[in-house]
Structures are given as structure tokens and as C-alpha cells.
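Asker: kindly return the folded structure for what I paste below:
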Amino acid sequence: MGTLLLQLVGPMQSWGVQSHFTHRDTGLEPSKSGVIGLVCAALGKPRDENHPDNVCKPSLEQLAKLRMGVRVDREGLIQCDYHTANNVMKAGGKPFVGLKETELSDRFYLADAAFLVGLESDDGNLLSRLDESLQHPVWMLYLGRKAFVPSVPVWLKDGLKLEQDLETALRSYPRIANPRRQQLNAETQLYEARMMLDDAEQGSIVRPDQPVSFVKGNRKHMDRRIRATFYVLPEAQEDSLCTFQN
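Answerer: Numbering: from 1, shown residues only. Now for the predicted structure:
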């Protein structure tokens, strides 16, 4: 069993799993659909599985089966963008009909967050291909929304761990960012991190973000069970540490 690690660090990130119309939420850590979508962008994989450019690329079903884990090195601060747009198309069936003069919406995002994400598989060739794609992405990579670009490369030069399972890889990899003061354990005086792991058997948290289809107008997701755990953050590699203001 092997694991591919990637880092998601940026001034703004948004990982909504239940956004509707004018209220656009964000989760506290990356969604699986968002991470798999990012991997698809790196591969240059069209949304439609029947597209001819997908012939030699991993299927969405293969990618969705990857077991995912997230280590929260730096908790994000939830912020809200009061958004206005003019000449917005009305939803009147397919295709859209007419225009609205002004549309108001609340769009939430995470500020200054840093996540270490792991994708686990027993297919080392698949993980190696994804590692290569993240190093040389075909399309632009972004953190949940197209305007939210990473502040450091998603690809980690030592992120391919073909001999480590998901939890071992996440626990042992050096810290990628300075944590917030709120993550300091008052008793031990050590910084602690949340880890969110796919766990179909013991996971008590349910998220509706297991991707089934990314086709526009026909996007589908299934529920995913995850397990939360806490542990002490490892020390950082100073030459690769992502620092922010507290």
C-alpha cells in the first residue's frame, strides 16, 4: 500500500459540499470532490468520461476509490465575501432564459489555511502517474475556486511514499506550515493537528462529497464516511516551511 502526499496552501481556499444558489459555504478542510477535481485538472482530464481525451487517462471511478486523508497543519479562518453580479442568467430550465439585473450572494472561504493531503492506493503505477501530473499539470490548479490559486506548488518533491500507508505517511511527514496559537495544547505545550481519514467501517462523520460524475448539469456525489483524530504535529523542515501571520 502506498500514499501520495500533496500540500494545499494559499491565502484563500473554499471547499463547499452543500452550497445552494446564493449561499456558498466552505468546509474546514478540503473535500474529496475538490481534491479529485484538482487531480483531474493536473491530468488534463475532461469532465465527460466519454470524451476522446479520456481514453488513456484514469477513470473518475478509479480516482474516487483512492482513500483520502487530510492533516490540518494550519487551521483556516472562515471569512465571507459579499458578492454582487450583474446580468446573471435566470434558471428557467435548460437552457437558461433571461437575465437578472443584480444577484447578491454570500461566499465563504478559508483564509491562510495549510493542509497536507494524502491519497492511498495499492496501485503504485497510478500514484506515480498522479505524482508526475502534479509536478507538470496540464491545466491550472486551484483551491476550490478558480480565483483561489496555491501560494506554493501542490506537488511535493518527496511526496510519493510507495511503502507507507495513508496514516503513517500523514503522521510522519514534516510540518508544512506554522500552526495557529489555538492549536497549542495548554497542558503539553505542543501543537496538535486534526486528521480526517476515509474510514468506511468506523467513520462517524458523513460528507456528501464522494464524486460520481463531474459532467456539467449532471454532477453527482455519494456519501463518504470519515474518522477524525488528533495528534502532535511533527517538526518542520525549515527550508520548506510555509509561514503566515498569526
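Asker: my guess is residue 12 contacts residue 148. True?
Answerer: Yes - counting by C-beta atoms under 8 Å, residue 148 is a contact partner of residue 12 at 4.6 Å. C-beta coordinates here come from the backbone N, C-alpha and C atoms, glycine included.
Asker: among those two, which residue is more densely surrounded?
Answerer: residue 12 (21 against 17; other C-beta atoms under 10 Å).
Asker: ok, back up a step: what residues do residue 12 and residue 148 have in common as contacts?
Answerer: With contacts defined as C-beta atoms under 8 Å, 6 or more residues apart in numbering, the residues shared by residue 12 and residue 148 are residue 109.
Asker: what's around residue 235, how many residues?
Answerer: Residue 235: 8 neighbours (other C-beta under 10 Å).
Asker: so which residues of the chain form strands?
Answerer: 2-13, 23-24, 67-74, 77-89, 99-121, 155-161, 192-198, 205-213, 220-232 (DSSP state E).
Asker: which one of those strands lies nearest to residue 183?
Answerer: Residue 183 sits nearest to strand 192-198 of all the strands of the chain, at 5.7 Å, using C-beta to C-beta.
Asker: can you give me the buried ones in that closest one?
Answerer: Under the neighbour-count criterion of 16 or more other C-beta atoms under 10 Å, strand 192-198 has 193, 194, 195, 196, 197, 198 buried.
Asker: apart from its neighbours in sequence, what residue is nearest the first one?
Answerer: Taking C-beta to C-beta, 6 or more residues apart in numbering as the measure, residue 193 lies nearest to residue 233, with 4.8 Å between them; neighbours along the chain are not counted.
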